[in-house]
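Novice: what shape does this take:
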Amino acid sequence: MKIALIDPSLFTWPYDLKLAKGLTDIGHATSIVGRQLGQKPSIDEERFLDRHFYPGLQSRFFKKLPRNVQLGLKGLSHAESMARLIRRFRRTPPDVIHFQWAPLAIVDSQFIPQFRRVAPTVLTVHDSNPFNNNPSSRIQRIGALGILQRFDHLIVHTIVARDRLLRVGIPDEKISVIAHGLLTDHIDRPTDEPSARDGRVQILLFGKIKPYKGVDVMFRALALLPREVRAHCLVKIVGWPEMPMEPLFAMVKDLQLEEQVEFDLRFVPEDEVASLVARADVLAFPYRDIDASGVLMLAIAAGRPIVASNLGTFSEWLGDQAEGTLVPPDDPVELSRSLERLISNQDYRGAKSRRMLDLRDSVPTWTSIARLTEAAYAKAGGRVRAPASADHVLQGSRN
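Specialist: Residues are numbered from 1 along each chain as shown. As a prediction, the model looks like this:
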């Protein structure tokens with residue numbers, strides 16, 4: 001089959017790329033239709049990426065414009081890019097059109113019926129609570145749930161996400177649950193534990209910084225630790241901020257956490273990510289909301305201990321080792337208790353790490369995920385023949 005994966009802004013480029021490779025490995029011709037990533041394309045970009053969306057908006061001039069002007073121009077460019085894509089697909093139609101995101105539902109919903117006349121359409125709903133209640137613009141909220149009805153089939157990563165879609169009226173037969181895979185090969189652990197460098201346990205919060213990520217919850221939990229325990233840890237906040245940071249800076253000062261908190265506010269290049277995760281003693285996810293998390297899969301790949309909110313993908317992946325790992329969301333007291341044990345007891349951290357390594361071995365391969373995705377395509381429309389192995393794969397893969 002000829003498969004077009006659509007991710008206009010490349011919100012989930014690492015996921016897109018792994019899925020494209022998996023689908024290619026089982027015999028499909030797969031491309032990722034998105035935007036330009038950088039000035040020097042990688043081998044993977046040259047192989048898979050179709051730089052269709054937002055032409056000209058990667059220029060230095062555009063990036064210097066006021067944010068509201070950028071968003072307005074990007075919205076116009078998005079509509080124009082969708083119209084051009086329809087015309088392209090009419091000339092050379094794919095067998096399946098698989099959207100990873102519909103970032104501007106008020107616009108995208110007008111185009112989906114036209115795409116459906118070309119080929120079956122599928123949407124992976126990475127966030128069943130659209131944009132985890134933190135869209136770049138309020139206009140992104142408009143129609144963000146209604147557009148789900150327009151696709152032939154939907155893919156989610158967790159049972160929690162499926163149940164959320166059922167509650168908003170999506171039929172069960174229209175939803176496939178396909179687990180998120182590892183975004184990198186197994187990450188080698190350093191010879192020495194990260195804490196061996198200066199005696200402090202390194203706790204990492206990594207990824208785009210948004211309100212739902214609960215950085216403030218981590219700071220309140222940190223302040224509740226006994227002074228002698230707090231002195232033996234360092235919390236690193238690493239990622240690109242997509243929220244005002246001044247309140248968090250002020251919180252660190254007010255709670256007298258300057259010695260325990262380190263900010264590294266930047267986009268982390270892909271070739272640094274594995275090392276960053278491997279050099280942490282603990283990965284923390286004090287989120288208020290989540291469906292799937294690529295950073296969680298990085299933590300699992302590295303076999304590092306995790307403390308996370310008991311919701312979404314964290315509950316499903318970590319539910320069988322919940323003690324000391326899962327805490328109620330937005331609860332700094334329980335988070336502090338879990339952190340205290342992880343910071344104070346190296347043997348406990350080692351045991352948690354070994355459990356994560358066992359969990360890593362149970363994550364579905366991308367070949368398995370690709371076959372499950374192939375089976376979802378079969379449900380999307382009669383033009384796509386169901387693979388003979390679909391039932392076996394569906395029964396044998398973890399959801």
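
Novice: going forward, measure contacts and count neighbours with C-alpha atoms only.
Specialist: Fine.

Novice: got a list of what His52 touches?
Specialist: The neighbours of His52, taking Cα atoms under 8 Å, 6 or more residues apart in numbering as the test, are 33-36, 81, 85.

Novice: pull out the buried residues from the longest helix anywhere in the chain.
Specialist: Counting residues, the longest helix found in the chain (DSSP state H) is helix 67-91. Within helix 67-91, the residues that count as buried by 16 or more other Cα atoms under 10 Å are 74-75, 77-79, 81-82, 85-86.

Novice: sorry, back to before: closest to Leu296 among the contacts of His52?
Specialist: Comparing the contacts of His52 against Leu296 with Cα to Cα places Gly34 closest, at 24.3 Å.

Novice: and the pLDDT at the closest one?
Specialist: Note for Gly34: predicted pLDDT of 97.

Novice: list the beta-bridge partners for it.
Specialist: Arg51 (DSSP bridges).

Novice: is it true that it touches Phe11?
Specialist: No: judged on Cα atoms under 8 Å, Gly34 makes no contact with Phe11 at a distance of 9.4 Å.

Novice: once you drop chain neighbours, what's closest to Leu234?
Specialist: Gln260 (4.7 Å; Cα to Cα, 6 or more residues apart in numbering).

Novice: which residues touch that neighbour?
Specialist: By Cα under 8 Å, 6+ apart, the contact set of Gln260 is 230-231, 233-235.

Novice: where along the stretch 51-200 of the chain do the helices fall?
Specialist: Here the stretch 51-200 of the chain has its helices, by DSSP state H, counting those that start in this stretch, at 60-63, 67-91, 105-116, 159-167.

Novice: do you know the pLDDT at Asn129?
Specialist: pLDDT, Asn129: 78.

Novice: actually Pro387, sorry about that
Specialist: On pLDDT, Pro387 comes in at 47.

Novice: got it, and Thr191?
Specialist: pLDDT, Thr191: 58.

Novice: where in the stretch 151-300 of the chain is pLDDT low?
Specialist: Applying pLDDT under 70 to the stretch 151-300 of the chain flags residues 188-197.

Novice: now the strands for it?
Specialist: Secondary structure of the stretch 151-300 of the chain by DSSP state E, counting those that start in this stretch: the strands cover 153-156, 175-177, 201-206, 233-238, 261-264, 282-285.

Novice: the fourth one pairs with which strands, and in what direction?
Specialist: Strand 233-238 pairs in its sheet with strand 201-206 (parallel), strand 261-264 (parallel), by DSSP bridges.

Novice: so which of the ones you listed gets nearest Phe111?
Specialist: Of these, nearest to Phe111 by Cα to Cα is strand 201-206, at 35.1 Å.

Novice: residues of that closest one that come out buried?
Specialist: Buried residues in strand 201-206 (16+ other Cα under 10 Å): 201-206.

Novice: check stretch 171-187 too.
Specialist: Residues of stretch 171-187 classed as buried under the neighbour-count rule (16+ other Cα under 10 Å) are 174-184, 186-187.

Novice: sorry, back to before: ok, which of the strands paired with strand 233-238 comes nearest Leu339?
Specialist: Once those are compared by Cα to Cα, strand 201-206 is nearest, at 9.2 Å.

Novice: hang on, the earlier thing: between the helices of the stretch 51-200 of the chain, which one is closest to Gly143.
Specialist: By Cα to Cα (comparing all of these), the closest turns out to be helix 105-116, at 5.4 Å.

Novice: quick one: low-confidence parts of the stretch 1-150 of the chain?
Specialist: Applying pLDDT under 70 to the stretch 1-150 of the chain flags the ranges 130-138, 140.

Novice: switch the cut-off to 80
Specialist: Regions of the stretch 1-150 of the chain meeting the criterion pLDDT under 80 cover residues 38-39, 129-141, 143.

Novice: so for stretch 152-169, what gets flagged as buried?
Specialist: If you call a residue buried by 16+ other Cα under 10 Å, then stretch 152-169 has these buried ones: 152-162, 165.

Novice: for that stretch, output the C-alpha coordinates as CSV.
Specialist: Extracted as CSV, the C-alpha positions of stretch 152-169 are listed here (Å, rounded to 0.1, in the frame of the first residue of the first chain):
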residue,chain,number,x,y,z
ASP,A,152,-13.2,6.7,9.0
HIS,A,153,-11.2,5.3,11.9
LEU,A,154,-9.4,6.5,15.0
ILE,A,155,-6.3,5.1,16.8
VAL,A,156,-5.5,5.8,20.5
HIS,A,157,-2.7,4.6,22.7
THR,A,158,-4.5,3.8,25.9
ILE,A,159,-7.7,2.3,27.2
VAL,A,160,-8.3,5.6,29.1
ALA,A,161,-8.2,7.5,25.8
ARG,A,162,-10.6,5.0,24.2
ASP,A,163,-13.1,5.4,27.1
ARG,A,164,-12.9,9.2,26.8
LEU,A,165,-13.8,9.0,23.1
LEU,A,166,-16.6,6.6,23.9
ARG,A,167,-18.0,9.2,26.3
VAL,A,168,-18.1,11.8,23.6
GLY,A,169,-20.1,9.6,21.3
